[in-house]
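> Give me a 3D structure for the following:
(one chain, ligands or ions: 4)
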Amino acid sequence: EAKKKGRGGYRFYSPDMTRAASRRVRVEAELRRSLDERTLAVHFQPQVKLSTGDVVGAEALVRWRHPEWGWVSPGHFIPVAERTGMIHPLGREVLRAACVHASRWRSEGLQRVAVNLSPVQLEGEGLEEELRESLAEADLPPEALELEVTEEVFLRDPDRASRVLSRFREQGIQVAIDDFGTGYSSLAYLKVLPVDRLKMDRSFVQSLPDDSQDVAITQSVATLARELGLEVVAEGVETCAQARFLRETGVQQAQGFLYGAALPPERWEGILNLSR
Ligand code: C2E
Ligand code: MG
Ligand code: MG
Ligand code: MG
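Ligands and ions are numbered 1, 2, ... in the order given. Predicted coordinates:
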């Protein structure tokens, strides 16, 4: 009875809506299966010191290749994982893989590995224990691990976020603010939670050095970071002109396709040797 109203349409629900809902259910089921079967992968994107070109860090990025759909973007399935709680086992796998590989690469000059933390992970119980276990299992010093959080964590539950992250920092783990400048939160959190690094969002980098607004924003972020004693990592660096401008503006590190996309761990050995 909901059918057949109007021209070939459905009156009381939209076919697009049901299709979207069933797609969501499908993605959820398939993601759960990949988690169970341990077929998610972790790739690593180089972070480079602008003054020397050395690879100093690696950001762990989760990768999902579905047998039928091909590569599925994290932007698509991370929200599903967050909504369903699958982010906890998923995050644990990424953390473990990141620590194990970083431990091997440290002897080749890598300083740190960065892992993205979802606000949902931060709000869950047991993260502290997982961190301790992953570090111990990989024999990785806490200083070699960096957690990337977005400003969103300070909007949701600022007190809790500051408390939890401060505790991690006391243990020596580093903290970076990811996508810095896009999060609508106030800068006040930088006083409550002293962080180590700001990752300048790629939307500000994209049109450098021609866009005068982005130039102004980059200069301000560099100044702010210098005054607060923080490092800046520019995200999404794709051209030499961007890299040159960032270096001259006082940004210390960069990450982006200019230096390389995220690579599977087996392709990393060569990278570290080359950069030294
Ligand atoms: P993010 O943490 O800001 O990661 C940077 C994203 O920019 C990555 O996309 C990376 O592949 C992409 N990227 C790097 N360099 C360039 C460049 O030069 N140009 C352009 N256009 N893009 C570049 P990816 O891997 O699709 O990840 C998207 C987002 O998904 C990440 O943003 C992060 O928020 C989230 N994510 C990825 N892996 C994980 C994970 O293991 N756990 C959690 N919680 N979130 C993750
Ligand atoms: Mg990140
Ligand atoms: Mg980012
Ligand atoms: Mg992002």
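
> Show me which helix runs longest in this structure.
helix 15-36 (DSSP state H).

> Identify each buried residue in that helix, please.
27, 28, 30, 31, 34, 35 (16 or more other C-beta atoms under 10 Å). (Glycine included, C-beta is placed from N, CA and C.)

> Equivalent analysis for stretch 224-240, please.
In stretch 224-240, counting by 16+ other C-beta under 10 Å, buried: 225, 230, 231, 232, 233, 234, 235, 236, 237.

> could you check the distance from the first one over to residue 207?
In other words, residue 225. Residue 225 sits 20 Å away from residue 207, taking C-beta to C-beta, to the nearest Å as the criterion.

> before we move on, what about the last one?
With the distance defined as C-beta to C-beta, residue 237 ends up 12 Å from residue 207.

> Next step: the buried residues of stretch 224-240 restricted to strands.
Among the buried residues of stretch 224-240, the members falling in strands (DSSP state E) are 231, 232, 233, 234.

> of all these, which comes closest to residue 79?
residue 233 (24.2 Å; C-beta to C-beta).

> Let me know the distance separating that closest one from residue 48.
Using C-beta to C-beta, we find residue 233 at a distance of 9 Å from residue 48.

> Are there residues contacting both of those two? Which ones?
253, 254, 255 (C-beta atoms under 8 Å, 6 or more residues apart in numbering).

> can you redo these as JSON lines with pLDDT?
JSON lines is the format used below for the shared contacts of residue 233 and residue 48 (pLDDT from 0 to 100):
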{"residue": "253", "pLDDT": "98"}
{"residue": "254", "pLDDT": "98"}
{"residue": "255", "pLDDT": "98"}
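
> nearest to residue 174, of those?
Residue 174 has its nearest neighbour among the shared contacts of residue 233 and residue 48 in residue 253, at 12.7 Å by C-beta to C-beta.

> Count the neighbours of the closest one for me.
22 (other C-beta atoms under 10 Å).

> For the closest residue to it other than its chain neighbours, give me its contacts.
In space, and not counting its chain neighbours, residue 253 is closest to residue 233: 4.3 Å by C-beta to C-beta, 6 or more residues apart in numbering. Residues in contact with residue 233, defined by C-beta under 8 Å, 6+ apart, are 47, 57, 176, 197, 198, 199, 200, 251, 252, 253, 254, 255.

> May I ask which of those residues has the most neighbours?
residue 200 (30 neighbours).

> for that residue, which residues make a bridge with it?
Beta-bridge pairing of residue 200 under DSSP bridges involves residue 180, residue 234.

> my read: it touches residue 180, true?
Yes - if you go by C-beta atoms under 8 Å, residue 200 and residue 180 touch, sitting 5.5 Å apart.

> where does residue 177 fall, helix, sheet strand or coil?
What DSSP: H, G, I helix; E, B strand; the rest coil gives for residue 177 is strand.

> Now do it, the pLDDT please.
Per-residue pLDDT puts residue 177 at 96.

> could you redo the ones in strands among the buried residues of stretch 224-240 as a markdown table and give each row distance to ligand 2 and pLDDT?
Formatted as a markdown table, these follow (distance: C-beta to the ion, whole Å; pLDDT from 0 to 100):
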| residue | distance to ligand 2 | pLDDT |
| --- | --- | --- |
| 231 | 15 | 97 |
| 232 | 14 | 98 |
| 233 | 9 | 98 |
| 234 | 13 | 98 |
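
> Adding distance to ligand 3, write those out as CSV.
Converted to CSV, those look like this (distance: C-beta to the ion, whole Å):
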residue, distance to ligand 3
231, 15
232, 13
233, 9
234, 10
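
> I'd assumed residue 60 was in a strand, is it?
Yes - remark: residue 60 belongs to a strand, assigned using three-state DSSP.

> If it is in a bridge, with which residues?
residue 44, residue 115.

> Make sure it is actually in contact with residue 105.
No - Residue 60 is beyond contact range of residue 105, at 11.8 Å (criterion: C-beta under 8 Å).

> where do the contact lists of the two overlap?
residue 113.

> sorry, back to before: common neighbours of residue 200 and residue 180, please.
Residues within reach of residue 200 and of residue 180 at once, by C-beta under 8 Å, 6+ apart, are residue 221.

> Quickly name whichever of the buried residues of helix 15-36 is closest to residue 259.
residue 34 (28.8 Å).
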